[in-house]
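*Asks:* here are the coordinates; sequence isn't available:
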Ligand SMILES: O=C(O)C(=O)C[C@]1(C(=O)O)C=C[C@@H](O)C=C1
């Protein structure tokens, strides 16, 4: 059985992403941090890891870009999940009783408008993940606190749903990457994640991006990530998609001539944003 590391516990969105991506019996290895998730892959203690990389409301998880590079991990796939957030508490607790709310920081960010409108005075507590926040509420049984998470965690930890769909925007999607220690060349790859650095002179980045245009490669995402210890310097991460693999290979060949370093983090089959709606 494949062993998959995720940050958080059973009932978290990461666990859900792992179950849906592999769609077979898997052993989920619960971790306390994104760093320990990456360490487990690096030291061969798990086969794969699932790592959130961006959310359509909260934006990119920059630290995770850095971790993938630091641990030299390979991206072998991706999955998008439609994220719905819910307010939950132990039975008997009413919205007017709530003074404290627990969840993952990214989940809290996704509900900021709702929290400002309905719970402007509540103290927000950042937990390891949404599911452990739900479990905490379930174990401690506070009469003045609630957690934010998915419906599955409410069910698993026997909490009452006080409000459903509290995220700021209903089109709330998180993209998760599937990571391994070694990449495999996938024949049905139609997307790649690359990173590179360019010099500080005019047109340096535009020159690289133009290569993709010329070769009819779609630039799906561009993200600059600070180089730690070198202020004002960035690694440029791009996700590119193609119809014709040959065009992609030619583009890479060309790009190599104008960047100071290029790493292909992974070539994989692109995930479908609408498939895994809750
Ligand atoms: O807290 C969880 O349940 C998670 O899986 C973490 C996480 C994240 O890291 O962004 C995953 C998906 C949602 O965007 C909210 C939180």
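*Replies:* Happy to help now that I have it. In this text, all values refer to a predicted model and were calculated from it rather than measured experimentally.
*Asks:* now do the same contact list for the residue nearest to residue 79 when sequence neighbours are not counted.
*Replies:* Closest residue to residue 79 apart from its sequence neighbours, by Cβ to Cβ, 6 or more residues apart in numbering: residue 21 at 4.5 Å. From N, CA and C alone the C-beta is placed, and that goes for glycine too. By Cβ atoms under 8 Å, 6 or more residues apart in numbering, the residues touching residue 21 are 50, 77, 79, 176, 178.
*Asks:* kindly report the same for residue 161.
*Replies:* Listed by Cβ under 8 Å, 6+ apart, the contact set of residue 161 reads 86, 87, 88, 151, 154.
*Asks:* ok now the helix or strand where residue 133 lies, how far from the chain's centre?
*Replies:* In this structure, residue 133 sits in helix 130-140 according to DSSP states H and E. Helix 130-140 has its C-alpha centroid displaced from the chain centroid by 21 Å (Cα atoms, centre = their mean, to the nearest Å).
*Asks:* then stretch 112-132?
*Replies:* The mean C-alpha position of stretch 112-132 is separated from the chain mean by 20 Å, Cα atoms, centre = their mean.
*Asks:* distance between stretch 176-186 and the chain's centre?
*Replies:* In terms of Cα atoms, centre = their mean, the centre of stretch 176-186 is set 15 Å apart from its chain centre.
*Asks:* just to revisit the earlier point, now, among the contacts of residue 21, which is nearest to the ligand?
*Replies:* Nearest to the ligand among these is residue 176, at 7.5 Å by Cβ to the nearest ligand atom.
*Asks:* can you tell me what sits against the helix holding residue 133?
*Replies:* With Cβ under 8 Å, 6+ apart, helix 130-140 has contacts from 8-13, 15, 88-90, 102-104, 107, 125, 127, 145-150, 153-154, 156-159.
*Asks:* all set now, cheers.
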